[in-house]
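> just a sequence and a predicted model for now, questions to come.
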Amino acid sequence: MARFAAGEQVIVRRGNPPGHLRTPWYIRGKHGVVERLCGEFRNPEELAYGRSGEPKRMLYRVRFEQKHVWPDYAGPAGDTIDIELYEHWLDAAR
């Protein structure tokens, strides 16, 4: 069952744990909005080490405003970037 729904505000967890990570460093700690649920998939952070990747984890497409991702962003104010992130990297935004 999905923890978040489309339209919900989330924040990407900070941290730099060791290992193979699929979450870009530049998006950690940033606020975004769930654009859609992509489905449940085996965890690629575990699959990279030959493990089963189970249990499956929900994958979300999260939309971020470019100006909040890149401090010097000079493009149009409405520009966004969408990134697919697994649920264990997301928390509800307060």
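Thanks, I have it. Being a predicted model, the structure only gives us computed values, none of them experimental. Residues are numbered from 1 along each chain as shown.
> residue 29 reaches residue 12, doesn't it?
Yes: contact criterion C-beta atoms under 8 Å: residue 29 and residue 12 qualify, at 6.4 Å. C-beta here means a position set from N, CA and C on the backbone, and glycine is covered the same way.
> in this protein, which residue sits furthest out from the middle?
Largest separation from the mean C-alpha position in the chain: residue 74, at 23.5 Å (C-alpha atoms, centre = their mean).
> let me see the backbone angles for that residue.
Dihedral angles of residue 74 (phi, psi; degrees, to the nearest 10) stand at phi -120, psi 10.
> can you check the one 5 residues further on too?
Recorded main-chain torsions at residue 79 are phi -70, psi 140, according to degrees, to the nearest 10.
> what is the burial count for it?
Using other C-beta atoms under 10 Å, residue 79 is surrounded by 13 other residues.
> first-to-last residue distance for stretch 85-94?
19 Å (C-alpha to C-alpha, to the nearest Å).
> tell me the SS of the residue nearest in space to the middle of the chain?
Against the mean C-alpha coordinate of the chain, by C-alpha atoms, centre = their mean, the closest residue is residue 85 at 2.9 Å. At residue 85 the chain is in strand, as set by DSSP: H, G, I helix; E, B strand; the rest coil.
> which one of residue 29 and residue 12 has more residues nearby?
Per other C-beta under 10 Å, whichever of residue 29 and residue 12 has more neighbours is residue 12, with 22 against 11.
> pretty sure that one sits against residue 30.
Yes: contact criterion C-beta under 8 Å: residue 12 and residue 30 qualify, at 5.5 Å.
> who's in contact with the residue nearest to the centre of the chain?
12, 23, 27, 59-60, 62 (C-beta atoms under 8 Å, 6 or more residues apart in numbering).
> could these go into JSON lines alongside secondary structure, pLDDT and distance to residue 89?
Formatted as JSON lines, those follow (DSSP: H, G, I helix; E, B strand; the rest coil; pLDDT from 0 to 100; distance: C-beta to C-beta, whole Å):
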{"residue": "12", "secondary structure": "strand", "pLDDT": "97", "distance to residue 89": "6"}
{"residue": "23", "secondary structure": "coil", "pLDDT": "91", "distance to residue 89": "5"}
{"residue": "27", "secondary structure": "helix", "pLDDT": "96", "distance to residue 89": "9"}
{"residue": "59", "secondary structure": "strand", "pLDDT": "98", "distance to residue 89": "10"}
{"residue": "60", "secondary structure": "strand", "pLDDT": "98", "distance to residue 89": "9"}
{"residue": "62", "secondary structure": "strand", "pLDDT": "98", "distance to residue 89": "9"}
